[in-house]
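In: When you get a sec, could you give me coordinates for this:
(3 chains)
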Amino acid sequence: MNYLNSSQRKIIETINGPVLVIAGAGAGKTRVITHRIVHMIQNIGISPSRILALTFTKKAAIEMKNRIYNMMVDKTNFDQITIGTFHSIFSGILRKESHWLGLKSNYTIYDHKDSESIIKKILENININTYLNYKNIRKKISEYKNNLYYFNFNKKKLEKDKELELFTKIYKSYTKRCFQANVLDFDDILLHTNHLFFYFPNVLKAYQKKFQYILIDEYQDTNFSQYTIIKNLAFQHKNIFVVGDDAQSIYAFRGANISNILNFHLDYKNVKIFRLEQNYRSTNHIVQASNNIISFNKNQILKKIWTNNEKGEKIKIYCANSELEEAEYVASSILLIKEKTNFQFENFAILYRANIQSHIIEYSLKKKNIPYHVYGSISFEKRKEIRDFLAYLRVIVNPNDEESLFRIIKKGNPKIVNNILNLSKKKGITVYNIIKNIENYQYLLKINNKTKNRFISVISTIEKLRIEQDNAYIIAKNLVSFLLKENSKNYDNNDFQYILHNIYQHVKEQKELKKNGDTSLSGFLQCFYLEMNENIDHKKNETNKVSLMTVHLSKGLEFPIIFIVGLEENLFPSKSNFENPTKIEEERRLFYVALTRAQKKAILTYAKYRFIWGEKKKNLPSRFINELNKNFVDIENHIISKKKEIRSLNHFHNHENENYKYLGIKKGVKIFHKDFGVGTILDIELQNQNKIALIKFQKLGEKRILIKLNKLVIYS
DNA sequence: TTTGCCCGTCTTTTT
DNA sequence: GACGGGCAAA
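Out: Have a look, this model is predicted:
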């Protein structure tokens, strides 16, 4: 604890009563919160089981856990500290207390796709082909839940407001469907926790007693639902410690409300308020430039973020012609900087506004053989086979999980879903029971013997596997062999390799590291949806990698060298937020977060042309680039790149024929192809200057694949 | 019953 | 440019 300044030290030593810390970027927010927890346990002697520490993203939770674990001298009771995201912690509590709410503890979780799928069905059923679109409805339902709106509208109001009446109807039927399926969506986790604490004061009391000390990171990100949970929990002891920065509030889209931090002093008497305004992270140029950016926002608490750090280099701006050129600039800059300095790959991060931007950057990094890791879960969770596999796991845990059940049975027979659903409604029998006793309904549903037999085999497998509930790995392993036998055409073993490995790791960890580890399937699913952060990365042990992530995920982190890419109007700020100034301010805060991640160097890039929906679109440079004070910006590079443009255009056109060194992709190497699975490269051929790999796939035999399409990943 | 093709939609961001 | 849904041909 030597490297804390006096105000930081004062903060961590203030243990009792409500404490609010307003801290600028890079002022040591996370350091304060982690040190305080360790201090409470090691110096004050507070029992770790009395401490609750909450974060908003899984990544932040993992980060906090790691930091505290590393700091603790005696790590034996580390596991007793309750650390996690709101969703993971309260989902755990709901599982224990589910009986109060008439909920079953084996509930599964619906992600957005699941929710949208139900809403689609509801809309079809209502049969008013409306202006309403299922995605917007899901968002609105989410908004209603996060703000704890209730449906106390009087009849007159509903009659007047037809749209509201319709929405209410959809909301109610959505809620009913979720309840019948024994599932919760993300917002339900918070909503039901509120119900639990509101209607069952004895339960609330027990948790108030347990969590005598509550700490919340990034408090500016709380929505109303989270705010009331905390208010209730902290009511008895009022030992609530929150840190935050209004300038870094970037979760308004999921209901976050800055007034929760602004009004903290009204909720709690005798609040001790601290301010941390010295930035230890970044160079002077970066601190001043980001102060300047945030000053464009009207709504903000005024702060004076300052630093004693060196001036440092100016912020670089690079204008690329296309998104490919942008990505290549980033890749070659990394190599160039690395050559000239002592920085390693792990010192670089590339930040972007939308997950989809990672593809082209990955492509360019791969080409230059730069090791990288993409944070966030886009490619993994959305992979079809994995969703299929998870659907089985979910039905094993919760037979009423309709969306998962439909996913399993509709293969090859999509129409059957509606028929079964109607029958289920008419007869009042659960979908699962209809499928289980399909023989009774075969005639009604007009299905053939083949489908019937498939259902029987699927259900009997699920029921057999359910017996092994306590060991997720055994279930998963058996499920793989079932799926391969059943459906060898669509799957091969490697489709499941990733998730199987993941489950194995999870079970192993639970068994070895924790005293009462939860190796159950239900525990794994909980962990998968609410705690795990990473893509399954089979090369995880290599640590020296460039980090790729969204700006949202980068909050709380720092890197010596930061690239912020895609700084164009319509992308960053995002087009969907043009409509109102409040949303533009949130985009600006997002840019502020991005810029303040940098310790030494910030390099901003944008592309004049970018492919969007298969079309080449021209975009103007982001307004945030123009807002940067020119004193802190290196525009020299900008001009050079303009001169280079003509050359670059040519370069871009010739690009296709260039023989890239696909380091690693060569004869004899094992590769993974998204559509064809695992194979071995037999030969590399040259055809019209294009390199083609002759690959023997394990399932599909030999195929020729154009290497530049970049569908090949080294498999190890 | 299965396959293949056309069409509309989608790109914010996270739990 | 990718993906799911719907529909028609094999």
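In: State the phi and psi torsions of whatever residue of the stretch 351-500 of chain A ends up closest to DNA strand C.
Out: Among residues of the stretch 351-500 of chain A, the one nearest DNA strand C by CB to the nearest atom of the strand turns out to be residue A:384. It sits 5.2 Å away. Every residue, glycine included, has its C-beta placed from N, CA and C. In terms of degrees, to the nearest 10, the main-chain angles of residue A:384 are phi -60, psi -50.
In: What's the per-residue pLDDT of it here?
Out: Here the pLDDT value assigned to residue A:384 is 76.
In: Next, count neighbours for it.
Out: Residues within reach of residue A:384, counting by other CB atoms under 10 Å, total 10.
In: Where does residue A:685 sit, in terms of helix or strand?
Out: Using DSSP states H and E, the element containing residue A:685 is strand A:677-687.
In: Where do the strands of the stretch 351-500 of chain A begin and end?
Out: Under the criterion DSSP state E, counting those that start in this stretch, the stretch 351-500 of chain A contains strands at A:372-374.
In: Stretch A:37-54 spans what distance, first to last residue?
Out: Distance across stretch A:37-54, first residue to last, is 12 Å (CA to CA, to the nearest Å).
In: quick one: average pLDDT of it?
Out: Mean pLDDT, computed over stretch A:37-54, is 96.
In: and if you look at stretch A:183-191?
Out: 95.
In: Could you report the separation of residue A:476 from DNA strand B?
Out: Relative to DNA strand B, residue A:476 is positioned 22 Å away (CB to the nearest atom of the strand, to the nearest Å).
In: tell me the pLDDT at that residue?
Out: With respect to pLDDT, residue A:476 has a value of 90.
In: in the stretch 151-300 of chain A, what residue is nearest DNA strand C?
Out: Going by CB to the nearest atom of the strand, DNA strand C is nearest to residue A:177 of the stretch 151-300 of chain A, at 16.1 Å.
In: just the stretch 551-700 of chain A next, same as before
Out: For the stretch 551-700 of chain A, CB to the nearest atom of the strand, closest residue to DNA strand C: residue A:614, 2.6 Å.
In: Partner strands of whatever helix or strand residue A:241 lives in and their direction?
Out: Taking DSSP H and E as the definition, residue A:241 sits inside strand A:240-244. Sheet partners assigned to strand A:240-244 using DSSP bridges are listed as strand A:19-23 (parallel), strand A:213-216 (parallel).
In: Which parts of the stretch 551-700 of chain A are strands?
Out: A:559-564, A:598-612, A:615-618, A:633-634, A:670-673, A:677-687, A:690-697.
In: Include mean neighbour count and mean pLDDT when you put the ones you listed into JSON lines, please.
Out: Putting those into JSON lines (neighbours: other CB atoms under 10 Å; pLDDT from 0 to 100) gives the following:
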{"stretch": "strand A:559-564", "mean neighbour count": "24", "mean pLDDT": "96"}
{"stretch": "strand A:598-612", "mean neighbour count": "23", "mean pLDDT": "92"}
{"stretch": "strand A:615-618", "mean neighbour count": "10", "mean pLDDT": "82"}
{"stretch": "strand A:633-634", "mean neighbour count": "17", "mean pLDDT": "83"}
{"stretch": "strand A:670-673", "mean neighbour count": "18", "mean pLDDT": "67"}
{"stretch": "strand A:677-687", "mean neighbour count": "16", "mean pLDDT": "72"}
{"stretch": "strand A:690-697", "mean neighbour count": "18", "mean pLDDT": "71"}
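In: Out of those strands, the one nearest DNA strand B is which?
Out: Nearest of the strands of the stretch 551-700 of chain A (CB to the nearest atom of the strand): strand A:598-612, 5.7 Å.
In: Run the chain-centre distance for the closest one.
Out: In terms of CA atoms, centre = their mean, to the nearest Å, the centre of strand A:598-612 is found 22 Å from the chain centre.
In: what's the burial count for the residue of the stretch 601-716 of chain A found nearest DNA strand B?
Out: In the stretch 601-716 of chain A, no residue comes nearer to DNA strand B than residue A:613, which is 4.1 Å away by CB to the nearest atom of the strand. For residue A:613, the neighbour count with other CB under 10 Å is 5.
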